[in-house]
Each structure stands twice: as structure tokens, then as C-alpha cells.
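Asks: Coordinates only, no sequence provided:
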Ligand code: SF4
């Protein structure tokens, strides 16, 4: 395996102008490179025919345009959800899930193609319901590796991603520098040009990262993995709660709401005998009302190697009815792609277990 090359996919126009200026080239070269990378989607510098050969060679020696290689695509029988596994330059794997327009988030009809991207290789937060925690944390993804998942998805699907969710492997706010750098390119109209309102960052409740994201100042959507409405239940499901308990997390979320960002979604996986009992529904309703948030209920997906149990359909409905009666906007989401292990981390888990 050769040394990993940096990638131009994390350069917005301003960064490219600076890079090419440092190599002695004028600013218009940055516009030309942007067009090749983002409009023509070339994968090789040799295709950039209006650049001087010397510049093409210089760029090819230092940079790559494809910092990951798709090695496996699996399609769900239900709803055509596609999950793909990519090998990074250092041999590690990440996964991403394409949710087609006809399915969309929450199973509702949508005219948008959604992509779920990973932000880290593995994860250090060890949420008890999640396969990604089982192999531990390896490293942060670079901004280019985050952006490259979108480029790869568009190549696989043959259409543009117009709805992006950071809900794959890893905690995006634990990799906030690279997340913000990637977002700069993702939002840039001359690059990927996905609207801020069509981007959801999902967090396990990383308070410092949340404050950095708020300071970024774009109207992104925020989804918070709550999974417990008091510290005792939440710490049982999410060890991260011991580091940033609700007493720290909720004020940071109130601040997010207060500064006019989008409505927060509280993600809540229903787990039998852990957090799916009716008294927990009332506690959750109080938290949601306080934050003016909506709630997304997700019946637990069985994960090989983890002990939790999915509640019955009737238990889930009874929990949901409490929230409705308490005037909390609520949806019940049944994970798509169950048959291709679409819960985060499972495809990589199978692949790395085989190595
Ligand atoms: S749910 Fe997210 S933060 Fe928690 S272990 Fe899985 S990947 Fe990490």
C-alpha cells in the first residue's frame, strides 16, 4: 500500500486559490479545477485538459480525487435502500447508505435522494444499541473522506444527493474540525451545493462539538440521540451521558433552539424493559416540550452480539400515544434495509470481523 495522498475534494474555491497561488498559478486556474472536479466529476488529473501539463503532473503527484474505493454494494429487498462499503487509502473501511427518493427518511414518500454518511472509522462512544461501538475507535475521517462518500453515492445512483444525514458510523461532533471543513464544500454552490436545510447532523450529545456547530452559523438540522429522558436511563443506554449529562446537554440544546436554528429532533430507540415503559414516555414528553423538539421513535433493531430486546408493536404504539396526548410532534420510524444490516456499523463489522 503506497503512502496516502491528500485529496482535493476538501478544497473549496478559496482554499484552491491559495493552494494554486502557492504553486505559482493564477486564481482562474482554481475555477478551472473546480469545474473539472465538481461539474465534470473527473477522477483523474490527466482529464483536466485545459490545465498546463506541468500543473496536472504537480497535482497528481500530491493529490487524489478519489480517496476511497467502493468495494461492496448491497441492496435491500425492501425500498431499494443501498448500502455501500468503501476502502480508504490506509485499508480501513467505512459504510454509507443511499435511501432512494421513493422511500426517504422515516419511510414517508419523498422526492429527494437521501445519503447517510459516516464520520469516523469506528466510534469511541459505545452506545449500547450500536454495532459501531463493538470494534472501538480507529480514527477520524478526513473532510475529503466525508465528501467522497457523497461523490461515490452519486456515481452509484446516477443522480444527485439532495438530502444528507450524518447518521452513519461515528460521532460527527467528535470530529468537528473535519466535519466543518467538509460542510464548507458540501454547502458551496460551486461544489456539491446541498442546502443547509437538507443536512442533518446527528449527535450522541457531544456538548463542546454542539457549541462549535452552533457557532458555524448555518441553519442545519440537528438530531440528538436521547434514548433516555433522565440520567439513570440514559447513562445505561449511552455511556457518553456520564461525560455530558442532561444537566449540560439540555442547556446547550436550549441555546441551539433559541438562536433560531431548525427544530431539534430527539431520536429515541425503544428498548423493552429499558426505556420503553410508559412512565418514560411522560418524562420524554416533558423534555421535548421544554426544547420545543419533535421526537422520532425507533423500535430497536436486533444487533448480533448485543443483549437488548425490541418491544412489541403494541408497546411501541402505546408509548407513541402518550407523546401524542402530551402534544409532542412524534413519528415512528421503522428502519429501512433491515435485511442488509442497515443499522450503523453492521456492514463494516462483518467485513472487519472477517479480516
Ligand atoms: S450511536 Fe453513534 S455515537 Fe453511539 S456508538 Fe453508535 S456511532 Fe457512536
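Replies: Cool, the structure landed. Treat the numbers as computed from the prediction; the structure is a model and nothing was measured.
Asks: Which parts of the stretch 1-150 of the chain are helices?
Replies: 13-22, 28-34, 53-62, 143-157 (DSSP state H, counting those that start in this stretch).
Asks: Of those, flag the one that's most buried.
Replies: helix 143-157 (a mean of 23; mean count of other C-beta atoms under 10 Å). Where you see a C-beta, it was placed from the backbone N, CA and C, and this is true even at glycine.
Asks: Tell me how far residue 48 lies from residue 56.
Replies: Separation of residue 48 from residue 56 (C-beta to C-beta, to the nearest Å) stands at 6 Å.
Asks: err, residue 45, not the other one
Replies: In terms of C-beta to C-beta, residue 45 sits 5 Å off from residue 56.
Asks: And for residue 189?
Replies: 26 Å.
Asks: and if you look at residue 27?
Replies: Residue 27 is 18 Å from residue 56, by C-beta to C-beta.
Asks: Then residue 10?
Replies: 20 Å.
Asks: Okay, domains of the protein per the record?
Replies: 6-64, 68-354 (automatic domain parsing).
Asks: quick check, the last one touching the ligand?
Replies: Yes: on the criterion C-beta under 6 Å from any ligand atom, domain 68-354 is in touch with the ligand at 123, 125-127, 130, 132-133, 169-171, 204, 225, 344.
Asks: ranking the domains of the chain by mean pLDDT, which is last?
Replies: Mean pLDDT per stretch puts domain 68-354 lowest among the domains of the chain, at a mean of 88.
Asks: How far away from the center of its chain is that one?
Replies: On the basis of C-alpha atoms, centre = their mean, to the nearest Å, domain 68-354 sits 6 Å off its chain's mean C-alpha point.
Asks: those helices in the stretch 201-350 of the chain, which residues are they?
Replies: Going by DSSP H, counting those that start in this stretch, the stretch 201-350 of the chain shows helices at 207-216, 231-237, 240-243, 246-258, 278-291, 313-325, 346-354.
Asks: so which of those helices comes closest to residue 71?
Replies: helix 346-354 (8.3 Å; C-beta to C-beta).
Asks: what's the nearest residue to residue 11 if we skip its chain neighbours?
Replies: residue 19 (6.4 Å; C-beta to C-beta, 6 or more residues apart in numbering).
Asks: same thing with residue 187?
Replies: In space, residue 187 is closest to residue 196, 6.1 Å off (C-beta to C-beta, 6+ apart).
Asks: Tabulate the residues of domain 68-354 next to the ligand (CSV), appending distance to residue 31 and neighbour count.
Replies: Below are the residues of domain 68-354 next to the ligand laid out as CSV (distance: C-beta to C-beta, whole Å; neighbours: other C-beta atoms under 10 Å):
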residue, distance to residue 31, neighbour count
123, 38, 25
125, 41, 22
126, 45, 15
127, 44, 20
130, 43, 23
132, 39, 28
133, 44, 22
169, 35, 29
170, 33, 30
171, 36, 26
204, 40, 27
225, 41, 24
344, 38, 26
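Asks: among these, which are in strands?
Replies: Per DSSP state E, strands hold the following members of the residues of domain 68-354 next to the ligand: residue 225.
Asks: re the thing from before, surely the residue nearest to residue 187 is in contact with residue 216?
Replies: No: between residue 196 and residue 216 there is no contact under C-beta atoms under 8 Å: 9.6 Å.
Asks: Centroid-nearest residue for this structure?
Replies: residue 166 (1.3 Å; C-alpha atoms, centre = their mean).
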